[in-house]
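Peer 1: pasting the sequence and the predicted model now:
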Amino acid sequence: MSNQVVIIPTYNEIENIEAIILRILSLPINPHILIVDDGSPDGTANKVKELQGQHTGKIHLIEREGKLGLGTAYIRGFKYALELGYDYIFEMDADFSHNPIDLIPLYEACSKEGFDLAIGSRYVTGVNVVNWPMGRVIMSYFASKYVKFITGMPISDATAGFKCYKREVLQTIDLDKIRFVGYAFQIEMKFKIWKYKFKIKEVPIIFTDRTKGQSKMSNKIFTEAFFGVIHLKINSLFRTFQR
């Protein structure tokens with residue numbers, strides 16, 4: 001039995017899903033995988049079921065009806081992972097923008113170095129992004145600067161979606177009160193973890209834009225993140241964070 005699980009939300013990732021699963025299962029740290037699929041019409045879930053038969057007990061699948069949002073997919077996955085008793089819970093994308101080999105330093109930051117949250121960071125050592133249009137790089141980089149300015153949170157890559165949590169972190173946060181569903185979800189999780197004074201480390205990674213499938217980014221997601229940061233800061237002034 002592995003003590004770690006990698007949660008991957010999917011929607012129409014048939015071009016990537018088999019390769020990403022096999023790459024993760026080949027890692028020496030022996031992670032398990034949980035796919036949360038939002039009713040992909042391209043057969044993503046069926047491919048996962050096929051792989052489950054070849055790797056008994058190592059691949060879990062949650063099927064949901066329709067696109068319900070990134071944040072709700074992770075919340076569902078977190079609860080499932082906690083129920084199964086995993087000690088280290090990762091989140092990552094299915095499209096190889098996050099290199100599976102980087103799961104190892106994220107895991108070691110939590111399991112060996114004593115951090116509670118390890119973030120695969122694009123910006124902690126500069127700008128480490130490949131194949132993105134310059135406009136998107138600039139938007140993403142300054143979005144993190146904006147988040148740091150508004151919240152005071154000392155994190156260089158506030159919207160990063162490549163992370164490793166210790167189970168205590170997810171047990172402490174009230175997952176039912178996470179309000180955002182798009183990329184603002186990533187900011188909200190980091191903000192609350194920071195406010196609870198958990199130990200956080202940013203691990204430098206190289207982020208490579210997807211070569212197969214289509215991005216799920218939209219103007220609505222960006223707008224939620226922009227205004228959501230202000231709400232997070234204001235709401236935090238009226239509550240305490242104790243564990």
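Peer 2: Thanks, I have the structure now.
Peer 1: from here on, just use CA atoms for contacts and neighbour counts.
Peer 2: Noted.
Peer 1: neighbours around Lys195, how many?
Peer 2: Residues lying near Lys195 (other Cα atoms under 10 Å) number 14.
Peer 1: if you could redo that for Met134, that was the one I meant.
Peer 2: Met134 is flanked by 10 other residues according to other Cα under 10 Å.
Peer 1: what do you get for Glu202?
Peer 2: Counted with other Cα under 10 Å, residues neighbouring Glu202 total 21.
Peer 1: the chain: strands as residue ranges?
Peer 2: With DSSP state E as the criterion, the chain has strands at 4-10, 32-37, 59-63, 88-91, 117-121, 129-130, 163-166, 200-204, 207-208.
Peer 1: and the ones you listed as CSV, adding distance to Arg136 and mean pLDDT?
Peer 2: Putting those into CSV (distance: least, Cα to Cα, whole Å; pLDDT from 0 to 100) gives the following:
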stretch, distance to Arg136, mean pLDDT
strand 4-10, 22, 98
strand 32-37, 26, 98
strand 59-63, 31, 98
strand 88-91, 22, 98
strand 117-121, 16, 98
strand 129-130, 10, 88
strand 163-166, 21, 98
strand 200-204, 19, 98
strand 207-208, 13, 92
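Peer 1: out of those strands, which comes closest to Leu82?
Peer 2: For Leu82, the closest of those is strand 88-91, at 8.5 Å, according to Cα to Cα.
Peer 1: and the closest residue to Ile75 other than its chain neighbours, what pLDDT?
Peer 2: Leaving aside its chain neighbours, Ile75 sits nearest to Leu175 (6.5 Å; criterion: Cα to Cα, 6 or more residues apart in numbering). If you check Leu175, the pLDDT there is 96.
Peer 1: surely Leu175 touches Tyr74?
Peer 2: No - Leu175 is not in contact with Tyr74 according to Cα atoms under 8 Å; the separation is 9.8 Å.
Peer 1: returning to what we had before: in a markdown table, list the strands of the chain along with distance to Arg179.
Peer 2: Listed next are the strands of the chain as a markdown table, based on distance: least, Cα to Cα, whole Å:
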| stretch | distance to Arg179 |
| --- | --- |
| strand 4-10 | 18 |
| strand 32-37 | 19 |
| strand 59-63 | 21 |
| strand 88-91 | 18 |
| strand 117-121 | 20 |
| strand 129-130 | 29 |
| strand 163-166 | 19 |
| strand 200-204 | 22 |
| strand 207-208 | 27 |
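Peer 1: Ser236: how many residues sit nearby?
Peer 2: For Ser236, the count of nearby residues is 15 (other Cα under 10 Å).
Peer 1: where exactly do the helices run in the chain?
Peer 2: Taking DSSP state H to define them, one finds helices in the chain at 17-25, 44-54, 70-84, 103-111, 134-151, 167-172, 184-195, 219-236.
Peer 1: which residues sit against the last one?
Peer 2: Residues from elsewhere that reach helix 219-236 (Cα atoms under 8 Å, 6 or more residues apart in numbering): 143, 147, 150-151, 180, 182-185, 187-188.
Peer 1: avg pLDDT for it?
Peer 2: Throughout helix 219-236, pLDDT has a mean value of 77.
Peer 1: Ala94 and Pro9 touch, don't they?
Peer 2: Yes - counting by Cα under 8 Å, Pro9 is a contact partner of Ala94 at 7.3 Å.
Peer 1: so the two - more neighbours on which side?
Peer 2: Ala94 (26 against 23).
Peer 1: residues contacting the more buried one?
Peer 2: Going by Cα under 8 Å, 6+ apart, Ala94 touches 8-10, 13, 16-17, 20.
Peer 1: Ala158 versus that one, what's the distance?
Peer 2: Distance of Ala94 to Ala158, given as Cα to Cα, to the nearest Å: 20 Å.
Peer 1: how many neighbours does Thr44 have?
Peer 2: Thr44: 22 neighbours (other Cα under 10 Å).
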